[in-house]
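# need a structure here:
(2 chains)
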Protein chains: 2
Amino acid sequence: MTFVCVPDEETREMVGGIPGLKILTWDGSTPATAEVANTEFLVVSPILPVVSAERFGELTRLRVVQLLSAGFEKWLPVVPANVTICNGRGVHGPSTAELGVALVLSQVRDLPRYARQQVERTWFDGPRTSVCDLNVLVIGAGDIGSRIERSLTALGATVTVMGRTERPGVRPIAEVFTILANQDVVLLSLPLNEQTQGMVNSSFLSQMKDGSILVNVGRGATVVTEDLMAELCSGRLRASLDVTDPEPLPTNHPLWQAPNLVLTPHVGGGSPGWQARAYALIKEQLHRFARGDDLLNVVT
Amino acid sequence: MTFVCVPDEETREMVGGIPGLKILTWDGSTPATAEVANTEFLVVSPILPVVSAERFGELTRLRVVQLLSAGFEKWLPVVPANVTICNGRGVHGPSTAELGVALVLSQVRDLPRYARQQVERTWFDGPRTSVCDLNVLVIGAGDIGSRIERSLTALGATVTVMGRTERPGVRPIAEVFTILANQDVVLLSLPLNEQTQGMVNSSFLSQMKDGSILVNVGRGATVVTEDLMAELCSGRLRASLDVTDPEPLPTNHPLWQAPNLVLTPHVGGGSPGWQARAYALIKEQLHRFARGDDLLNVVT
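Below you'll find the model as predicted:
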């Protein structure tokens, strides 16, 4: 019998029975029981604290950790090196992509200005910009980035996608400085790692076009907050951020009052449907695991 | 020689020479000269007043009127019955579709609430909704509606499109009451005509789901303003309107202060790129006309 752990009873019920697997519940907050210590496949919750290295040390037969978030950087220091990590690509992706598109369009179509006009009862249709006349660069070619590409392309935007590795339809991030100056919108949907941490610094920002818009729905620490602050305060760039560094943003942080900024409190994922998508992913992965098939979403 | 009129010199220059056609400029505000009276193909401006029936009477050889707007209802009473009308499908479509998506996402993702939180320096990620968990009904299956469908489908929404005539991927509007009660978002991208005028009245609205969202980027008079006001004031429905009836909305109109409403002042079209798209359409149509080929965008 192969032992599997999921974080709670609801997940266990929703996943149901799978031939050859014994599914236990354990959320990693207490020492592993004798039965849990046999776990070969561990599903962890995106809304509970990261399981400690000590707890992982108790799972001597562990082979796979299944995350339900796209980001996996928090798990790298604690998951033993010989254990495969699969992420939750697709679970939060659609809603995060949607927020990315919402943040782009809100800035491009000047919705905050019309909200002020509505309060003032002013019908003024004034100058307009439209994403169908703009160049959009999406940096990060995962589920989120590719959905954003499809959504904005349908609206007539000229979209370029860049990712870590070159492939059809995806240019390598290493070429970013060859096209950055021509982009009207630069959207970040990147995981946090050594390459991306602090990538959008003063040097990167200085090569962005005057009046262009930076949108971040990936991880806050990809952007150097102080460097972006300077560009927002000078009025040269605009930004929409769903993620910040630090996060949550302390009440006294100057970013709250930065001009030319739309700020949302990391609400890209976690839409009501995420659990149904998570259960479907877990079920699929466990069937694959039980059959010995290749797993989806392997990240390490 | 076949005579063609375009509304201004810039259009004439941008369209350039076309074999077999003599292109004149005339905007319909003055009586036709002897030369203009020969016009067989008339391009009219979307930003000038409608050409009068009297002026049309002077163009005795007229065969085609080319509009640069999607809506054509204003032209029906003045264009002689034997003259073909072609609309500007695709000229304003991308930017109007984009505003439709922006208005849907702004309401669904609660951007106005986050804007208030930003002012208050409050990091509260609270309850969320996401279009990827919702049913969206797009009524109006032209260029605008089909772009909105593609854009929202890429974000994971379940989109149904309805149009005047049934065809693959498009259900007939006559069936609207069979699915209306299950829709979380109802988006109108309809022309104004006898069938659509006042279509969204108290009876229609009463069959919409509690808490659902009405979005209108078509024509204001499709919706009975008073009936919508009642649903907004009771808090049962939310709405985003780029078009209103009347329009522009007078300063003292109660709609300005309706709760649960996002209002923009008819800014769907008219993005900076519309002229380039218009010139390309005119050029294509005139080449077709000169060759005797079928025209694009024939609406009557």
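# mind listing what the residue lying closest to A:M199 once chain neighbours are set aside touches?
Counting by CB to CB, 6 or more residues apart in numbering or on different chains, A:T222 is the residue found nearest to A:M199 once chain neighbours are left out, at 5.5 Å. The way it works is simple: take the backbone N, C-alpha and C, and place the C-beta from them, glycine included. If a contact means CB atoms under 8 Å, 6 or more residues apart in numbering or on different chains, then A:T222 has A:L188, A:L190, A:L192, A:T196, A:Q197, A:G198, A:M199, A:V200, A:N216 as its contacts.
# now list the buried members of those residues.
Buried members of the contacts of A:T222, counted by 16 or more other CB atoms under 10 Å in any protein chain shown: A:L188, A:L190, A:L192, A:T196, A:M199, A:V200, A:N216.
# any idea which of these is least confident?
Among the buried ones among the contacts of A:T222, A:L192 carries the lowest pLDDT, at 90.
# residues contacting that residue?
By CB under 8 Å, 6+ apart, the contact set of A:L192 is A:G71, A:E73, A:G218, A:R219, A:A221, A:T222.
# out of these, who's nearest A:V108?
Of all these, A:G218 has the smallest distance to A:V108: 19.4 Å, by CB to CB.
# that closest one is in contact with A:L190, isn't it?
Yes. Under the criterion of CB atoms under 8 Å, A:G218 makes contact with A:L190 at 4.2 Å.
# what sits in contact with each of these two?
Common neighbours of A:G218 and A:L190 (criterion: CB under 8 Å, 6+ apart): A:G140, A:T196.
# low-confidence regions, the stretch 1-150 of chain A specifically.
Residue ranges of the stretch 1-150 of chain A with pLDDT under 70: none are present.
# secondary structure for the contacts of A:T222 - can I get that in a markdown table?
Formatted as a markdown table, the contacts of A:T222 follow (DSSP: H, G, I helix; E, B strand; the rest coil):
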| residue | secondary structure |
| --- | --- |
| A:L188 | strand |
| A:L190 | coil |
| A:L192 | coil |
| A:T196 | coil |
| A:Q197 | coil |
| A:G198 | coil |
| A:M199 | coil |
| A:V200 | strand |
| A:N216 | strand |
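# closest to chain B out of these?
Distances from chain B to the contacts of A:T222, taken as CB to the nearest CB, are shortest for A:N216 (14.7 Å).
# is it true that that closest one touches A:L255?
No. Between A:N216 and A:L255 there is no contact, the gap being 12.0 Å when judged by CB under 8 Å.
# common neighbours of the two, please.
Taking CB under 8 Å, 6+ apart as the criterion, A:N216 and A:L255 both touch A:L241.
# how many neighbours does the nearest residue to A:P191 once chain neighbours are set aside have?
Nearest non-adjacent residue to A:P191, counting by CB to CB, 6+ apart: A:G71, 5.5 Å away. By other CB atoms under 10 Å in any protein chain shown, 20 other residues sit near A:G71.
# do I have it right that A:G71 meets A:S189?
No. Between A:G71 and A:S189 there is no contact under CB under 8 Å: 10.9 Å.
# run through the helices of chain A in chain order.
For chain A, the helices defined by DSSP state H occupy A:9-15, A:53-58, A:93-108, A:111-120, A:143-154, A:176-179, A:202-206, A:225-234, A:274-291.
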